[in-house]
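Visitor: can you look at this prediction? I've put the sequence above it.
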Amino acid sequence: QVLHLLSAMGRDLAQGSEVYVGDADKQTNNAKEKTFRTAGFAAFLLLGFTLWQSFLSTGNVYGWPSLLNLLRNEGVYSQKCDNRSICAERTVAFNLVFTVGSATNISGAVLCGVLVDSCGPRGGILTGLVLIMIGSLLMGFSDVESEFAWPLAYAFYGLGGMCVHLSSFSLGNAFGRSKGLVISMLVCVFSISALLFQGFDLVYRSGLGRDMILLLHVGLEGLNFCISAWLWPREALPPGTELCWSGCQISSTEKCSSSRSTGMGLKELCRNAFRTALTWKFACFLAFHFSQIFLNRCLMGWMEAVLQWKSDRLSSTGGLDVPFQLSMFNVLQSAAGFIAIPLFASLLARFGHRHAPFCATALLAVLWLAVVPLPWEWTLPILYLLAACHRQMFFSTFFTFISSEYPPQLFATLSGFANVLAGLGTTL
C-alpha cells in the first residue's frame, strides 16, 4: 500500500510538472509566434502614438542648423556683433548652444537610463516631456540678449529627448518576433525628428512669430503628456508581453494582470548594471559598436572634404555643387534610414539578433569604404544611401541586442552607459 501510494504521488507530481512545463513552453512559443500583424489593437495604438511622440521629442537637438536660422533672424546674440550680422563672437556663442545640447543628450543618457529603469517607461516619458516643454518655453519667450537662456533651453531639449527615447524601446517586446522592426522604426524616427526644426523655420518664414511657434510646440507636447499618462504602462514591458485594451495594461498571456512588479531599488539597479557592464560579452559588444559609430562620425565629419576632392577630380566636366551635395547627404541621413527598416526586421526574424545584424552592419561599412574613393558622380547617391543604411543598421543592432540579451529592468541604464562611452569616442 505504501509503494502504491508513493507511485500514485509520483504520477501526480509528474503530471503536474508536465502541465507546468507545457504552460511555460506555450507562453514561450506564443511570444515567438507573435508578429507585427498579430500584436493586437492596443500594441498598434501605442506604437503609432509613440512614433508621433518620438518625432516631436527625441532627436530634435540635431536639427540645429534650421533652428539657428530662426534665432539669427530673431537677433539672438546680436549684441555681440556691434551692428554686424555675423561675427566670430556670435558664432562662438551659437556653437556653445549646440555643444551644450548635444553633450547633454549624450552624457545625460546614464541619468535618463537610471530614471527609466527605476520609474518605468511612463515616468521616463513624462519627465522627458516636461523638460522639453520647459526648453520650448525658454526658447520662445527669452530675451534675445540673454546669455544663458539659449544653452539652458537646448540642454533641456537634449536631456528630455533622451529620456523619451530610452523609455520607448521596451514597446518592441509586445511585438514578439517583430521586435526588431519596431526598434528600427524608433531609431529611424529619432533621426527624422531632426527635421522638426526645419518645419519651425518654414513656419517662421511664412510669418508666424517665434513665441507662437514654440508655444504651439508646448501645446503639442502637453497633449502628448496627457496621452502618455493614460496609454503607457507603468512597468517596463518584458519579452512576451501582450497588451490588452483594459486601460492598456500589460498581460503575460491572454488575461490582463493587475499585479505590479516590485522592480529593483536604485542601489541594486546600479550594482547589477555595473556588474553586467564588466562582463566580456558586454565589453566585446561595446567594442563593435564603438568601431561602427567611430567610423560613421569620422566619415560624416570628412564628407565635405571628400566631396571637395571629388569635385576637383571632376573639374574637367564642371565639378560638383559641393554645398548642394552636402545638403543632400545631410537630408538623406535623416530620411533614407527607412530603407534599412525592412532589411533589419527580416534579418532579425530569420537569423536572430546575435550574428546576422552584426555581419550586415560590418558589410555595409565595408561597402561604404569601398565606394568613398570612387571619383565618379553617379556613385554619390549610392554613397549617401549606404551611409544612411549603415547608421540605421548599427543603432538598431545596438538597441536590439541589449533588449534581447539583458533583463528589461536594466535596458535603459545599460543603453545610457554605452551611449556615454560612445559619446566620448565621438568627441575624440
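Guide: Structure's in. What do you need?
Visitor: residue ranges with poor pLDDT in the stretch 151-300 of the chain?
Guide: For the stretch 151-300 of the chain, the stretches with pLDDT under 70 are 246-264.
Visitor: show me the strands in it, by range?
Guide: With DSSP state E, counting those that start in this stretch as the criterion, the stretch 151-300 of the chain has strands at 242-243, 250-251.
Visitor: helices or strands up against the first one?
Guide: In terms of contact count using 3 or more CB pairs under 8 Å, 6 or more residues apart in numbering; DSSP states H and E, strand 242-243 is assigned the packing partners helix 41-57, strand 250-251. Every C-beta, even on glycine, is put in place using the N, C-alpha and C of the backbone.
Visitor: what do you get if the cut-off is 10 Å, keeping everything else the same?
Guide: helix 2-33, helix 41-57, strand 250-251 (3 or more CB pairs under 10 Å, 6 or more residues apart in numbering; DSSP states H and E).
Visitor: parallel or antiparallel, list what pairs with that strand.
Guide: strand 250-251 (antiparallel) (DSSP bridges).
Visitor: which residues sit in contact with the nearest residue to V182 once chain neighbours are set aside?
Guide: With sequence-adjacent residues excluded and distances taken as CB to CB, 6 or more residues apart in numbering, V182 is closest to G172, at 4.0 Å. Contact analysis of G172 by CB atoms under 10 Å, 6 or more residues apart in numbering lists 43, 47, 178-186, 237, 239, 241, 399-400, 403-404.
Visitor: kindly recompute the last result at 6 Å.
Guide: K179, V182, I183 (CB atoms under 6 Å, 6 or more residues apart in numbering).
Visitor: does the second one touch G176 like I think?
Guide: No: using CB atoms under 6 Å, V182 and G176 do not qualify as a contacting pair, with a distance of 10.0 Å.
Visitor: any idea how far E405 is from N60?
Guide: Distance, E405 to N60, by CB to CB, to the nearest Å: 30 Å.
Visitor: same question for A88.
Guide: From A88 to N60 the distance is 27 Å (CB to CB).
Visitor: ok so, going back, more neighbours, V182 and G176?
Guide: When V182 and G176 are compared for neighbours, V182 comes out ahead with 25 against 22, by other CB atoms under 10 Å.
Visitor: how about the helices in the stretch 151-300 of the chain?
Guide: For the stretch 151-300 of the chain, the helices defined by DSSP state H, counting those that start in this stretch cover 179-192, 196-205, 210-231, 266-277, 280-301.
Visitor: what would these look like in CSV with distance to L326?
Guide: CSV is the format used below for the helices of the stretch 151-300 of the chain (distance: least, CB to CB, whole Å):
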stretch, distance to L326
helix 179-192, 17
helix 196-205, 16
helix 210-231, 27
helix 266-277, 37
helix 280-301, 11
